[in-house]
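Q: take a look and give me a structure for this.
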Amino acid sequence: MNFVSTRHTAPPVTLSQAIAAGLAPDGGLYVPAQHPQASAWQPQGSLALDAAAVLAPYFEGDALAPHLSKLCADAFDFPAPLRALSTPGNHVLELFHGPTAAFKDFGARFLAASLAELQRDREHPLTIVVATSGDTGAAVAAAFHGQPGIRVVVLYPDGRVSPRQAHQLGCFGDNIHTLRVAGSFDDCQAMVKQALGDRELQARVPLSSANSISLGRWLPQMSYYAHAALEHHARTGNVLNLVVPTGNLGNAMAALLARAMGLPLGQVALATNANDVLPRFFQGGAYQPATSVATLANAMDVGAPSNFERLRWLYADDDAALRADLHVEAVDDAAIRAVIARRWAQAGEVFCPHTATAVAVLEALRADGMQGDWAVAATAHPAKFESVVEPLIGRALDVPPSLSALLQRPAHAQPCAPEYAALRERLLA
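A: Predicted coordinates:
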């Protein structure tokens, strides 16, 4: 299968070329040239096997195709359990059991394994440049740490991530270089996009991306939705509806693409924090990026979601159809706090601030009479946000062993101005 740009002016490329490039030459995001579909999906028995089955159509004919099963087995060697919540019909899809306790581990590990395979015969090293609003950078750093022939440069907004997130971002060293940018995530993302589009720089320093703009990060995120939906359907006969917390829209787009392939997924609702660019659009306004504001759900502090281009592509640029199909709702900090405190008091359920936005939306949907089986995507372990969660539940949170090990390492990040020239200088150094 070939892949094309959302902006329609770049030539089609192979899967391997799209993964290696990160961003299309015209500044667009790579998307499949066709929509593979099937009507008889069956669970294969494990997350890795379901991932290989779902990704196979996209890998067909590519140099990476013979390696797909191994890529999935290596990347998806930790669980993504679907657990029932206290309310009948409500579930949580726990996506935080990877090395950095966030859902980004899935896509980052798959991308790292793919690029390692593609780099085998390359003479020049590759630099992965990635902007993070909290969790992406640590997942990418963990996935690429110590990998020969690859350097990673992580940019994060200084003061706008949790203390434990910041520690994770700076604790790797070696081939991982971390920059704390005196600006917002949108500044970081704009700097990364400018670097990827800088042809003169690319001629001297080969670059790729590991944000969800990267095809190699985005496509494998379908795997956990496919696995959960197939297992749930086999067990109950019911389709699984989803509420996905979203900032840059990559995780949401993975769920929507999985559904478009014919997997047993039903309605998809999206939860944002107070950065309400998407809710305003879905309420009928123009799509208008805005300056992001800091919230408790910091990994979703995005004012210009890159994957909106992919969202429009999936609906053939039909905004009316897009608005009619999805429910999108903003959840402010007060509501996030209320959900965390209430669900702990009522049922002993504890959520990170991002997952709490999705729980709030699901509660609202149920209050409006919504039926069916629903799952909230739990995007991070609550222990990554202990300064928010622990005061609300009145107790200390257990820290997962993998996160504890990272927190015991020394951490360091270099300051960086929110200007492309500052990043370019560092990439050339």
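Q: out of everything not next to it in sequence, what's closest to Gln202?
A: On the basis of Cβ to Cβ, 6 or more residues apart in numbering, the spatially nearest residue to Gln202 that is not a chain neighbour turns out to be Leu196, at 7.7 Å. Heads up, the C-betas are built off the backbone N, CA and C, glycines and all.
Q: next, give phi and psi for the one you found.
A: Torsion angles at Leu196 (phi, psi; degrees, to the nearest 10) stand at phi -70, psi -30.
Q: based on its surroundings, how many neighbours for it?
A: Around Leu196 there are 23 other residues, counting by other Cβ atoms under 10 Å.
Q: what's the answer for the one 10 residues further on, then?
A: Under the neighbour criterion other Cβ under 10 Å, Pro206 is assigned a count of 15.
Q: my guess is it meets His124, correct?
A: Yes. Pro206 is within contact range of His124, at 5.6 Å (criterion: Cβ atoms under 8 Å).
Q: circling back: for the residue nearest to Gln202, which residues are in contact?
A: Leu196 is in contact with 22-23, 129, 202, 207-209, counting by Cβ atoms under 8 Å, 6 or more residues apart in numbering.
Q: hang on, Ala143 in a helix?
A: Yes. Ala143: assigned to a helix according to DSSP: H, G, I helix; E, B strand; the rest coil.
Q: now do it, the pLDDT please.
A: Each residue has a pLDDT score; the one for Ala143 is 94.
Q: switch to numbering from 6
A: Done: numbering now begins at 6, and the last item shifts to Ala148.
Q: so what's it up against?
A: Each residue near Ala148 by Cβ under 8 Å, 6+ apart is listed here: 104, 110, 113-114, 116-117, 215.
Q: equivalent analysis for Ala321, please.
A: Contact analysis of Ala321 by Cβ under 8 Å, 6+ apart lists nothing.
Q: how near is it to Leu283?
A: Computed as Cβ to Cβ, to the nearest Å, the Ala321 to Leu283 distance reads 19 Å.
Q: what do you get for Arg342?
A: Using Cβ to Cβ, Arg342 is found at 22 Å from Leu283.
Q: between those two, which one's more packed in?
A: Neighbours of Arg342 and Leu283, each counted by other Cβ under 10 Å, are more numerous for Leu283; the result is 24 against 17.
Q: so the more buried one: helix, strand or coil?
A: Looking at Leu283 with three-state DSSP, the answer is helix.
Q: my guess is it contacts Pro310, does it?
A: Yes. In this structure, Leu283 sits in contact with Pro310. The criterion is Cβ under 8 Å, and the distance is 6.8 Å.
Q: joint contacts of these two?
A: Applying Cβ under 8 Å, 6+ apart, one finds that Leu283 and Pro310 are jointly contacted by 251, 254.
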